[in-house]
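> Quick one: sequence and predicted model below, then my questions.
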Amino acid sequence: MTTRLTVHTASPYEVVVGHGVTAEARSLVGADARRVAVIHSPALLDRAADLRDVLHDLEVHLVEVPDGEEAKSAEVLKGCWDALGDAGFTRSDVVIGLGGGATTDLAGFVAASWLRGVRFVNLPTTVLGMVDAAVGGKTGINTASGKNLVGAFHEPAGVLCDLDALASLPAEELRSGMAEVVKCGFIADPKILELVEAAPDSVLDPASSLLAELIAKGIAVKAVTVEGDLLEVGAGGGIGREALNYGHTLGHALERVHGFGLRHGEAISVGMVFAAELAHRSDRIDADLLARHRAVLNILGLPTTDDTAFDELLDAMRLDKKTRGTQLRFVVLDGLARPAVLAGPDEQVLRDAHRALAP
């Protein structure tokens, strides 16, 4: 079964989830394009070559970038610009991001910055990329100071989530991606949590219809959220798109402190438990909802403990994009599917919440 979701922003686009949907890439590129740059990681060279066959009537340039977060650097970005310049890319030409979330983040920023913005198509190949990075128009790279600190909002012309790509993913990558799916369950759609709790083994089967359903549900949560607050400025006085950062303040700090040696989903998993501890200690959620965080994440094999030195994490969190001046801001819950912002919590509360994560 193929699921089609429309993201109703100023420039609406479709997200297609299903097996074999890479075949639709030619229609998304558009009739005016002469050249396409496929930005991909080394492991996806064969899929990039298959995509070249789909785009057989166009001049296709394969641009290989490093795996994972190593791709999201100014040096790699410059290399992509050089590749476009050498190929003579014009405003009518197209950039395609083929890979996980780091690759699509980079590719989107390449498209946003080249000639001040060219057409961009996302073909995410991981659960994390499909649910988190490919939808919503956030693009960017990392700097020595932190994650995603340089970037732009640049929406894709379309997103193709080909589930065939998941067959070759290591189990660890499937688990990592499920952290973002579970996040969507806690902030907006509790049905996601119920499905995971009922059949955790099927969730991690790349061929299962349940995993396909959960991916579509996660994308649907993100689509509705960004429709109302694309630029993350708040929606009608509410939390808006910032809700999608649940677990990310501590999560991004963990990634940075550990030199991006943690998978994104692993860091976000710990970050969600930390946020739940903060909410519980601020009398926002009860002990049952706090315990449910650990239970759901544990049955998926995701980490829920941490022994990183807190002072290092605190320094890293102060560079988080949500920070306002010297005031830290955390997305927490006021109840299941009721995200809110906790601004400027007492440092001792933060330390106590982190201490509760001790193995």
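Alright, I've got the coordinates.
> Any stretches of the protein with poor pLDDT?
Counting by pLDDT under 70, the low-confidence segments of the chain come to 235-237, 321-325.
> out of everything not next to it in sequence, what's closest to the residue nearest the centre of it?
Most central in the chain under Cα atoms, centre = their mean is Asp132, positioned 2.7 Å from the mean C-alpha point. Once flanking residues are discounted, Asp132 sits nearest to Glu180: 4.3 Å by Cβ to Cβ, 6 or more residues apart in numbering. For the C-beta atoms, the positions are set from N, CA and C on the backbone; glycine is no exception.
> wait, isn't that neighbour in contact with Val221?
No. Here Glu180 does not reach Val221: they are 9.9 Å apart, not a contact under Cβ atoms under 8 Å.
> still on that earlier bit, any idea whether the residue nearest to the centre of the chain is helix, strand or coil?
Secondary structure, DSSP: H, G, I helix; E, B strand; the rest coil: Asp132 is helix.
> List the contacts of it.
101, 177, 180, 222, 264 (Cβ atoms under 8 Å, 6 or more residues apart in numbering).
> Next: Glu213.
Leu195 are the contacts of Glu213 under Cβ under 8 Å, 6+ apart.
> Dig out what Val150 forms beta bridges with.
Ile141 (DSSP bridges).
> Over to the one 10 residues further on?
On the basis of DSSP bridges, Leu160 takes part in beta bridges with Val16.
> Going along the chain, name the strands of this protein.
3-7, 13-18, 35-40, 59-64, 94-99, 119-124, 138-143, 146-153, 158-162, 329-333, 339-343 (DSSP state E).
> Against which helices or strands is the second one packed?
Going back to what we said before, that points to strand 13-18. Strand 13-18 sits against strand 3-7, strand 158-162, helix 209-228, with contacts defined as 3 or more Cβ pairs under 8 Å, 6 or more residues apart in numbering; DSSP states H and E.
> Kindly calculate the angle that the longest one makes with strand 119-124.
The reference is to helix 209-228. 150 degrees (axes from the mean of the first three to the mean of the last three Cα atoms, to 10 degrees).
> Now for Pro190, how many residues are close by?
14 (other Cβ atoms under 10 Å).
> Spit out the contact partners of it.
By Cβ under 8 Å, 6+ apart, the residues touching Pro190 are 336-337.
> do you know how far the residue of the chain most remote from its centre is from Val29?
Distance to the chain centre peaks in the chain at Asp57, reaching 31.8 Å (criterion: Cα atoms, centre = their mean). Distance of Asp57 to Val29, given as Cβ to Cβ, to the nearest Å: 10 Å.
> and what of Ala71?
Ala71 sits 22 Å away from Val29, going by Cβ to Cβ.
> These two: which is more packed in?
Using other Cβ under 10 Å as the criterion, Ala71 and Val29 rank with Ala71 on top: 26 against 22.
> distance of the closest residue to the more buried one other than its chain neighbours from Asp105?
Closest residue to Ala71 apart from its sequence neighbours, by Cβ to Cβ, 6+ apart: Val65 at 4.3 Å. Distance, Val65 to Asp105, by Cβ to Cβ: 11 Å.
> sorry, back to before: out of the strands of the chain, flag the one nearest His354.
strand 329-333 (12.0 Å; Cβ to Cβ).
> just the helices in the protein please.
25-29, 45-54, 74-87, 101-113, 127-128, 171-187, 190-198, 200-203, 209-228, 248-257, 264-281, 287-299, 310-317, 347-355 (DSSP state H).
> Turn the ones you listed into CSV, columns for distance to Cys161.
What follows is these, written out as CSV (distance: least, Cβ to Cβ, whole Å):
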stretch, distance to Cys161
helix 25-29, 12
helix 45-54, 13
helix 74-87, 23
helix 101-113, 11
helix 127-128, 9
helix 171-187, 11
helix 190-198, 16
helix 200-203, 16
helix 209-228, 7
helix 248-257, 22
helix 264-281, 17
helix 287-299, 23
helix 310-317, 31
helix 347-355, 35
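> now, of these, which is deepest in the fold?
Each of these was scored by mean neighbour count; the highest is helix 127-128, a mean of 30, by mean count of other Cβ atoms under 10 Å.
> what does that helix rub up against?
Contacts of helix 127-128 (Cβ under 8 Å, 6+ apart): 100-101, 166, 169, 173-174, 176-181, 211, 215, 264-265.
> which two from those residues end up farthest apart in space?
Farthest pair in the contacts of helix 127-128, by Cβ to Cβ: Leu211 and His264, 18.2 Å.
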